[in-house]
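Student: I need the structure of the sequence given here:
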Amino acid sequence: LWFLLMTPEDETSGLWTQFYNPTRFKGKPSLMSWVCGDEAIEEEQKSDQEILERVMTNLRSMFPAIRNPDNVVISRWGQEEHVRGSYSFPVPGRDIYADAQDLSRRIAKIWFAGEATGNGWGTTNGAWKTGEDQALRMVEDLKEDV
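Tutor: Numbers count the residues shown, from 1 in each chain. Next comes the predicted model:
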């Protein structure tokens, strides 16, 4: 379930307004939110508490009775040395699905997963799904090796 908060045009427009509820995949109540582009770089400089407050303000504008989460995980992908905030996206003139299939090919005993290797490009659920799929393939391949 995806939902989007429409905000007035001001300095907070578009900040922490996209939400995804992956509860059915995770088996426990979960909610994700994110920002992109220059705003993501700026938000990464804030503390976890500051980010949580911004997110909860937006959630409470839609769901006034929502309580604070039991646990919060905030990633700062722009600060990750090997990632720098990148994710896959379609490029004119390329077939993103063929590219994803090429990236997902097993090499010897190395299996590849991640949002760039599936059909859910640019998404955490794409990464989650390909991780599950490759784990199942890995188990089957390892059974054959025994």
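
Student: how much space between the spatially most central residue of the chain and Gly118?
Tutor: Centroid-nearest residue in the chain, with C-alpha atoms, centre = their mean: Thr124, separated by 2.9 Å. Per C-beta to C-beta, to the nearest Å, Thr124 is found 11 Å from Gly118. Every residue, glycine included, has its C-beta placed from N, CA and C.

Student: Likewise for Thr23?
Tutor: Applying C-beta to C-beta, the value for Thr23 to Gly118 is 20 Å.

Student: So between these two, which is more surrounded?
Tutor: Using other C-beta atoms under 10 Å, the more surrounded residue of Thr23 and Gly118 is Gly118, with 24 against 12.

Student: wait, that one sits on Gln101?
Tutor: No - proximity of Gly118 to Gln101 does not meet the contact threshold set by C-beta atoms under 8 Å, at 9.3 Å.

Student: Residues contacting stretch 39-59, please?
Tutor: 5, 7, 12, 14-17, 19, 31, 33-35, 66, 68-69, 72, 74, 76-79, 85 (C-beta atoms under 8 Å, 6 or more residues apart in numbering).

Student: Out of those residues, which end up buried?
Tutor: For the contacts of stretch 39-59, a burial check counting by 16 or more other C-beta atoms under 10 Å picks out 15-17, 19, 33-35, 76.

Student: Of the residues you listed, which belong to strands?
Tutor: Judged by DSSP state E, the subset of the buried ones among the contacts of stretch 39-59 located in strands is 19, 33-34.
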